[in-house]
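**Q** how would this look folded up:
(chains A, B, C and D)
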Protein chains: 2
Amino acid sequence: MTSESQFPNGGPEVPLGFEHHDHDHCVDHALASVEARCARKGLRLTPVRRKVLELLLQEHRALGAYAILDLLRDAGFGSQPPVAYRALDFLSEHGFVHKIERLNAFVACSHPGENHSPAFMICRLCDAVAETQSAPAKGALGEAARAAGFLIERTVVEAEGVCPTCVVKADA
Amino acid sequence: MTSESQFPNGGPEVPLGFEHHDHDHCVDHALASVEARCARKGLRLTPVRRKVLELLLQEHRALGAYAILDLLRDAGFGSQPPVAYRALDFLSEHGFVHKIERLNAFVACSHPGENHSPAFMICRLCDAVAETQSAPAKGALGEAARAAGFLIERTVVEAEGVCPTCVVKADA
DNA sequence: GGCCCCCATGTGATCTTATAACATCAAGTC
DNA sequence: GACTTGATGTTATAAGATCACATGGGGGCC
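**A** Presented below is the predicted three-dimensional model:
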């Protein structure tokens, strides 16, 4: 089931960053990096948590919690919602995955550093998601917050639109 | 039920804009303004739609679709989810209400103009929501989008944190 | 007037997403 | 070896959203 569910939106040609890359390498690299960070910070990257991260890295797109749960079941883990949600809670609490609020779905973090306020570009045609950086506190929003006395702790920044690949397709 | 459900998060003192104001006046004004805009654009502000907008203006905070549905039922309208969702679809399509993705909830638009990309500040302690403007396409996000060839059509910008009132309370 | 079409509304059923509550279990501490 | 803590597993249920189909009201048209 894993394999035929992998690219429901038209093929692998528009992965997370809107570009091709050496995927196996990037998965391994990301996993290793997260393992190292967990070791350093004394976090327990247990089998379920590691598997969820690995699945998200492998699929390289936003997955709903229940899609993840299906994959977990296939991999021999528990198959009840809390299993997936707890792993996702842990991973997103520590910045290893992000929730895409607009899609009620999750992606592996594709950004190197630790502290970052991610921003996402979501293609409404193929559902591809790319992560980038934002600095919302620096713009109009930050100004409004300061003026109002509002303390920003976290920001959700998601742009919806059309990814480069789908722009080309639409023109054709 | 309408009245006791009105301020479940600690009282009316921190409404939409984190500040006091003449609420009756602001509701009437907003309703009239939306009516005028609908008339001008040939949009049908039907009784259900008008009621939903009025409820959101009156409560002056983010309400979930089912909370709205309860209020609609109390007001004698249909009580099945599509009733609320259809009205909300209409209202948000035309920018009269906004969905807060982070809360799966809806607020009446508190911004005058027609074309705007709203941004929100959400207090995690009292759930108050304030609307402001953002220009996400101008900052780091816009730059990344241009570089990637991504066409931004719409943005979700939501800041989570602590509102001025709750900052004071927390200090005390 | 009578007909038709469009759009909005109402309703039942269903689907998706998320959490509550409680039992078990393994690792670490004293 | 008993005790605590955090992770996992399972059942049940809450909360959010949509599908499919029936009804009904208001224009335009003849």
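**Q** so how many other residues sit close to residue A:77?
**A** The local packing of residue A:77 (other Cβ atoms under 10 Å in any protein chain shown) involves 17 other residues. Backbone N, C-alpha and C define where each C-beta goes, glycine included.
**Q** who's in contact with it?
**A** Going by Cβ atoms under 8 Å, 6 or more residues apart in numbering or on different chains, residue A:77 touches A:47, A:48, A:51, A:83.
**Q** Please enumerate residues in contact with stretch A:53-71?
**A** By Cβ under 8 Å, 6+ apart, the list of residues contacting stretch A:53-71 reads A:1-2, A:5-6, A:9, A:15-16, A:23, A:26-27, A:30-31, A:34, A:45, A:52, A:72, A:75, A:79-81, A:83-85, A:88, A:91, A:96-97, A:100, A:103-108, A:122, A:127-129.
**Q** so where do the strands sit in chain A?
**A** Here chain A has its strands, by DSSP state E, at A:97-100, A:105-108, A:118-123, A:129-133, A:151-162.
**Q** List just the one of the ones you listed that sits closest to residue B:144.
**A** For residue B:144, the closest of those is strand A:129-133, at 3.9 Å, according to Cβ to Cβ.
**Q** Can you tell me which residues in chain A are near DNA strand D?
**A** Proximity of chain A to DNA strand D (Cβ under 7 Å from any atom of the strand) is limited to residues A:44, A:46-49, A:77-83, A:86-87, A:90.
**Q** hmm, 6 Å instead?
**A** A:44, A:46-49, A:77-83, A:86 (Cβ under 6 Å from any atom of the strand).
**Q** Check what pLDDT the residue lying closest to residue A:102 once chain neighbours are set aside gets.
**A** Of all residues not flanking residue A:102 in the chain, residue A:158 sits nearest, at 4.9 Å (Cβ to Cβ, 6 or more residues apart in numbering or on different chains). Here the pLDDT value assigned to residue A:158 is 97.
**Q** quick one: the residue nearest to residue A:137 when sequence neighbours are not counted from residue B:105, how far?
**A** Spatial nearest neighbour of residue A:137, excluding adjacent residues (Cβ to Cβ, 6+ apart): residue A:152 at 5.6 Å. Separation of residue A:152 from residue B:105 (Cβ to Cβ, to the nearest Å): 19 Å.
**Q** Also residue A:169?
**A** 35 Å.
**Q** Between the two, tell me which one has more neighbours.
**A** residue B:105 (21 against 14).
**Q** And for the nearest residue to the more buried one once chain neighbours are set aside, the neighbour number?
**A** Distances taken as Cβ to Cβ, 6+ apart put residue B:62 closest to residue B:105, at 3.8 Å, once the chain neighbours are dropped. Per other Cβ under 10 Å, the neighbour tally for residue B:62 reads 24.
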